[in-house]
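> Need coordinates for the below:
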Amino acid sequence: MKFLKIVFFLLCVFTAFNVHAQSSQELKRRRDQLTQELQQLNQEYQETANNKKLSKKQLDNLKAQISIREEKINVINSEVRNLDNQISESNNSVRSLQSQLDQLRKEYAGMILFAYRNQSAYNKLMFIFAAKDFNQAYKRLKYLQQFGTYRERQADYIEGTQKDLHVKIVELDKSKEEKSALLKDQEKEKKTLGEQKNTQTQAIADLSQHEGQLKQQQKDLQKKIAATNREIDAAVRREIAEARRRAEEEAKEAARVAAAKAKAENREVEIPKTKTITKTSSNSEVLNATPEAARLSNDFLGNRGRLPWPVTNGVIIQGFGVYYTPENIKSESTGVSIKTNPGASVRAIFEGEVINVRDIVGTYLVVIRHGEYFTAYSNLRSVSVSKGQKVTTKQTIGTVATDSTTGETDVEFDLYKGSTPVNPKLWLAPN
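Predicted coordinates:
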C-alpha cells in the first residue's frame, strides 16, 4: 500500500512538472522570437540612424522596438514565475522524498535487525515447528518466505527513492540557474528599454527641428493610406455588388426554367430547397452563393491563426486599430505594416482570385478574394498577377517597394471579412 502511495505521488509530481515544462517551452520560444525581432529592428534602425535620415518611420521603428522589448520583459516575468513554481514544487518533492527515504531506511533497519536475530536455520525451524497445527506451520513458512521477498523489495524502493531524490535535486539546481540567467537578462532589457525611451524622446526633439519635413512626410503617408483604403473599399464593394447581380440573375433564370418546366408538365412550381439571393440577402450570403466560394470561405476560416505571412521575413511595426503617433496625433490602421527586406517577394496568403490591381501614388495595390474574405497587399514596387487571375497559397504576386526618401521597406497588409476590416495578426501563423 505504501509503495502505491509513493508511485501515485511521483506520477502527480511528474504530471505537474510536465505541464510547467510545456508552458516554459512556449514562453522560451516566444522570448527567442521577440529577441530575433528586436535584433532585426535594431539593425534596421541603426542603418537609418547611420544614414542620418530623419523620418516618422524611424520613430515607428523605435516605438516598435520599445513595445516588443516591454512584451519580452513580461514574458521573462512569466518565465520567472513559472520557475518559482517549479522551484517550490521541487523543494516540496525533495522534502517529501527525503522523508520517505528516512522512513524506508528506518523500516529496513528494523527488518535487518529482525533478520539478524533470527538468522540461524535452527531458529527458523523452531518458529515453524512451534505452530499449533499444520495450517499454522504452513502460514509461518510462507511468512518467512514473504518476509525475505519484502526485504528485497524494500531495498529496491530505497534505491529508487534515492535516484528520484537525486533527479529532483539536479532539476532544482537547474531551475535556480535558469532563474538567475533570466533575471540578468531582464535587468539588461530594462536598462536597454530605459535608454530607448530616452532616445525616443531625443529623436522627437530632433525631428521637431525639422517640423516641416516631418509634417510633409506624414501628410504624404496619410494621403497614400487614405487613397489605398478607398481603393480597397471600392474593390470589395464592387465585387459584392457584382456577386449579388450574378446571383440574382442566376436565381431568376433558375426560377424561369423551373416555371417553364412545371408548366410543360402541368404541375405546380416547386419551391427551391436552397435559399436564393435577393436584394435583402446579406453580404455573407451573396459572397458564399456558389459552392466554390463557400468552400473557399470555410477553408480560409479553418486556417485562422495558421495562414502564412505575405513575406517570408518580416516584423509588424504598426498594428491594427487606433493608435497615437509620437506627436500624440490619433490615427487608425485598417491593417498591419510589415517591415521586410528590400526587394522582398510578396505572396498570397491563400488561394483565391485577383479582383483588383491598381497603381496608388506610384506603388501598386493587389486585392484578392477568398470566398467572403479579401486580402489586400499595398506598397508594391511591381506586380506579377492581373485581374481575374487565380492564385495559389504562397504564390508570388509582386515585390515590395522601398521609400526613396526614408529608405524604409514596408508592405501594407489588410484583411477583410466582407466589407469589414479585421485584425490580420490574429489570422497569421506565429512568425
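> Just the pLDDT at residue 74, thanks.
If you check residue 74, the pLDDT there is 85.
> Same check on residue 272?
55.
> now residue 139
At residue 139, pLDDT is 69.
> now do residue 324
Value for residue 324, per-residue pLDDT: 70.
> gap between it and residue 59?
As judged by CB to CB, to the nearest Å, residue 324 and residue 59 stand 12 Å apart. Yep, even glycine has a C-beta here, placed from its N, CA and C like the rest.
> higher neighbour count, these two?
residue 59 (18 against 10; other CB atoms under 10 Å).
> For the closest residue to residue 295 other than its chain neighbours, give me its contacts.
Spatially, and ignoring its direct neighbours in sequence, residue 295 is nearest to residue 371 (7.3 Å; CB to CB, 6 or more residues apart in numbering). Residue 371 is in contact with 287-288, 293-300, 352, counting by CB atoms under 8 Å, 6 or more residues apart in numbering.
> Can you check the pLDDT for residue 371?
At residue 371, the model reports a pLDDT of 94.
> quick one: it from residue 396, how far?
22 Å.
> which secondary structure element contains the residue nearest to residue 364 when sequence neighbours are not counted?
Sequence neighbours aside, residue 380 is the residue nearest to residue 364 in space, at 4.1 Å (criterion: CB to CB, 6+ apart). Taking DSSP states H and E as the criterion, residue 380 maps to strand 373-383.
> again, but for residue 289
Under the criterion DSSP H and E, no helix or strand holds residue 289.
> Check residue 301 too.
Here residue 301, judged by DSSP H and E, is contained in helix 291-302.
> tell me the average confidence for that helix?
94.
> Remind me what that helix packs against, helices and strands.
Under the contact definition 3 or more CB pairs under 8 Å, 6 or more residues apart in numbering; DSSP states H and E, helix 291-302 sits against strand 363-370, strand 373-383.
> could you dump those strands to a markdown table with mean neighbour count and distance to residue 164?
Output for those, formatted as a markdown table (neighbours: other CB atoms under 10 Å; distance: least, CB to CB, whole Å):
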| stretch | mean neighbour count | distance to residue 164 |
| --- | --- | --- |
| strand 363-370 | 24 | 54 |
| strand 373-383 | 23 | 53 |
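> Out of these, flag the one nearest residue 199.
strand 373-383 (26.6 Å; CB to CB).
> Check which strands are paired with that closest one and give the direction for each one.
Neighbouring strands of strand 373-383 in its sheet, by DSSP bridges, are strand 363-370 (antiparallel), strand 396-400 (antiparallel), strand 410-417 (antiparallel).
> now for these, which one comes closest to residue 225?
strand 410-417 (7.7 Å).
> Any buried residues in the helix or strand following that closest one, and which?
Where DSSP H and E defines the elements, the next helix or strand beyond strand 410-417 is strand 420-422. Going by neighbour count (16 or more other CB atoms under 10 Å), the buried part of strand 420-422 is 421-422.
> From the rest of the structure, what touches strand 420-422?
Against strand 420-422 from outside (CB under 8 Å, 6+ apart): 320, 334-335, 414-416.
> hey, where'd the helices end up in this protein?
Assigned by DSSP state H, the chain shows helices spanning 2-50, 56-117, 121-129, 134-208, 211-264, 283-287, 291-302.
> My understanding was that the residue nearest to residue 364 contacts residue 409; is that so?
No. The criterion here is CB atoms under 8 Å, and residue 380 misses it with residue 409 at 11.3 Å.
> got any residues that touch both of these two?
Counting by CB under 8 Å, 6+ apart, the shared contacts of residue 380 and residue 409 are 400-401.
> How is this protein partitioned into domains?
Here the domain assignment for the chain is 2-208, 214-237+291-426, based on automatic domain parsing.
> Select from the ones you listed the stretch with the lowest mean pLDDT.
If the domains of the chain are sorted by mean pLDDT, domain 2-208 sits at the bottom with a mean of 67.
> Now do the buried residues in stretch 333-344.
Applying 16+ other CB under 10 Å to stretch 333-344 flags 333-340, 344 as buried.
> Spatially, what comes nearest to residue 244 if we skip its sequence neighbours?
With CB to CB, 6+ apart as the criterion, residue 244 has its nearest non-adjacent residue at 4.6 Å, and that residue is residue 286.
> Quick one: residues contacting that neighbour.
Counting by CB under 8 Å, 6+ apart, residue 286 has contacts 240, 243-244, 247, 277.
> okay, now the nearest residue to residue 192 once chain neighbours are set aside: neighbour count?
Of all residues not flanking residue 192 in the chain, residue 69 sits nearest, at 6.6 Å (CB to CB, 6+ apart). Neighbour count of residue 69, defined by other CB under 10 Å: 22.
> can you tell me how far residue 69 sits from residue 38?
Residue 69 is 6 Å from residue 38, by CB to CB.
> Over to residue 375?
With CB to CB as the criterion, residue 375 and residue 38 are 28 Å apart.
> Of the buried residues of stretch 333-344, which belong to strands?
Of the buried residues of stretch 333-344, the ones assigned to strands by DSSP state E are 333, 335-340.
> possible to save those as TSV with distance to residue 360?
Compiled in TSV, these are given as follows (distance: CB to CB, whole Å):
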residue	distance to residue 360
333	16
335	14
336	17
337	15
338	17
339	19
340	19
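> which residues pair with the closest residue to residue 222 other than its chain neighbours across the strands?
Once flanking residues are discounted, residue 222 sits nearest to residue 331: 7.7 Å by CB to CB, 6+ apart. Residue 331 has these beta-bridge partners by DSSP bridges: residue 323.
> Could you count how many residues lie near residue 331?
Residue 331 has 14 nearby residues by other CB under 10 Å.
> what residues are up against it?
Contact analysis of residue 331 by CB under 8 Å, 6+ apart lists 222, 322-325.
> With distance to residue 85 added, can I get these in JSON lines?
Converted to JSON lines, the contacts of residue 331 look like this (distance: CB to CB, whole Å):
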{"residue": "222", "distance to residue 85": "48"}
{"residue": "322", "distance to residue 85": "37"}
{"residue": "323", "distance to residue 85": "36"}
{"residue": "324", "distance to residue 85": "37"}
{"residue": "325", "distance to residue 85": "41"}
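> between these, which is closest to residue 64?
residue 323 (11.2 Å).
> contacting residues for the closest one?
330-333.
> likewise residue 307?
300, 349-350, 427-429.
> Which of the residues you listed ranks first by neighbour count?
Top of the contacts of residue 307 by neighbour count (other CB under 10 Å): residue 349, with 25 neighbours.
> Would you list the phi and psi of that residue?
Taking degrees, to the nearest 10, you get phi -80, psi -10 for the backbone angles of residue 349.
> Nearest to residue 182, out of the helices and strands packed on helix 291-302?
Across those, closest to residue 182 is strand 373-383 (CB to CB), at 38.6 Å.
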